[in-house]
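Novice: got a predicted model here, sequence first, then my questions.
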Amino acid sequence: MKNSGRVWRFLGMTGLLLGVLLFLAAPGFSQQKSWSRFEFDMAGGYGMTQFEGSSTYAREWGFKYIESVKDYDNYSMKAENGFSFRAGFSYFFTPMFGLQVGGGSFSSNLPGDGSFNCQSKWKGEEAYESSKIWSGGGNLSSIPFYLNLVGKLRTKIVDFYLTAGPTVYFNRFRAASLIGFTDLYYWEEWYRGYHSEVLGVLKFMIPEGIPETSWTAFGGNAGIGVDLKVLPQVSIGIEGRYFLVPGKNLSWEWTPGTYGMTWGWETFEYTAADLSEFQVLQTPVEIKPSFFSLSVVFKYAFGQK
């Protein structure tokens, strides 16, 4: 519901912007008598995102002489800026009003940092604390396809334009990291009336990840730009465009296997079923793929009127 509200607010603002475009489309604003009905454009530039994701794992337990064990993991990732590309085709009904269809792509690397803190306390003893840190990584990409309204103010040398409309996004995400956790080691034996038992706190660091996940989302985009005419049918310009992409929550998957203790020498096997009781305690990551692109645009116009 939260993402849906953001999309509808964005589309409401888009509607207001399109009202301005319709106003600008009044014939009296045109400064150029001849104009082209068709435009093909390609844009490439710097894609910027503010996505920062985080996930935590927390568990507290105790058993017999082990008074308490407190686990806490925190993993955070921040998307890097990268290259963005798009291409589109426009048809103008009037000198200043038209439709634009197109698509593009944006991909961002996601370096991350994690930490694991464990505090254990045995009855009658002081608490002992230990910690580990590590790095992880991932990737987030979006492919938008849009249908926009375009309003353009034409002059002999420079054109100014606004564009906005609904967009379908094909998104992809993956991430890899580690996770730290503790488990109980307990062994007991009765032999000829004697009872023996061994208690311990096992500490592990194991791989985890969000496997490559693809999904489709409905959002919007809006942009503003200026074109300099270098030839009657060719122009080069600068454009800023924002792509609003709804967010999505994705959960981590812990990797089954045989692992040695972080502070020890024995190995233990953990199946997917064994890890499930721990895995459910880790919070998912909220993915926010929205991005802004600042691009250089090449345009070719034809079908002169």
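Specialist: Perfect, thanks for sending it.

Novice: sheet-wise, list the partners of the longest strand along the chain with their directions.
Specialist: The strand spanning the most residues in the chain, taking DSSP state E as the definition, is strand 194-231. The strands that strand 194-231 pairs with in its sheet are strand 158-191 (antiparallel), strand 234-244 (antiparallel), strand 253-254 (antiparallel) (by DSSP bridges).

Novice: make a markdown table out of those strands and add distance to residue 288, mean neighbour count and mean pLDDT.
Specialist: In this view, the C-beta of every residue, glycine as well, is placed from N, C-alpha and C. Listed next are the strands paired with strand 194-231 as a markdown table, based on distance: least, CB to CB, whole Å; neighbours: other CB atoms under 10 Å; pLDDT from 0 to 100:
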| stretch | distance to residue 288 | mean neighbour count | mean pLDDT |
| --- | --- | --- | --- |
| strand 158-191 | 11 | 18 | 90 |
| strand 234-244 | 10 | 19 | 95 |
| strand 253-254 | 21 | 18 | 96 |
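
Novice: now render those as a markdown table, adding distance to residue 133.
Specialist: Output for the strands paired with strand 194-231, formatted as a markdown table (distance: least, CB to CB, whole Å):
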| stretch | distance to residue 133 |
| --- | --- |
| strand 158-191 | 10 |
| strand 234-244 | 34 |
| strand 253-254 | 19 |
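
Novice: so for residue 111, which of the ones you listed sits nearest?
Specialist: Closest approach to residue 111 among the strands paired with strand 194-231 is made by strand 158-191 (10.4 Å; CB to CB).

Novice: low-confidence stretches in the stretch 51-200 of the chain?
Specialist: Applying pLDDT under 70 to the stretch 51-200 of the chain flags residues 188-193, 195-196.

Novice: do a quick rundown of the helices in it.
Specialist: Using DSSP state H, counting those that start in this stretch, no helices are assigned anywhere in the stretch 51-200 of the chain.

Novice: where do the strands sit along it?
Specialist: Taking DSSP state E, counting those that start in this stretch, the strands of the stretch 51-200 of the chain run over residues 52-63, 66-78, 82-94, 97-109, 112-122, 128-154, 158-191, 194-231.

Novice: pull out the buried positions in the first one.
Specialist: Of all the residues in strand 52-63, those buried under the rule 16 or more other CB atoms under 10 Å are 53, 55, 57, 59.

Novice: ok, now the second one?
Specialist: Along strand 66-78, these residues count as buried under the neighbour rule (16+ other CB under 10 Å): 66, 69-73, 75, 77-78.

Novice: burial of the spatially closest residue to residue 204 that is not a sequence neighbour, as a residue count?
Specialist: Ranked by CB to CB, 6 or more residues apart in numbering and with sequence neighbours excluded, the top spatial neighbour of residue 204 is residue 259, at 5.3 Å. Here the number of neighbours of residue 259 (other CB atoms under 10 Å) works out to 17.
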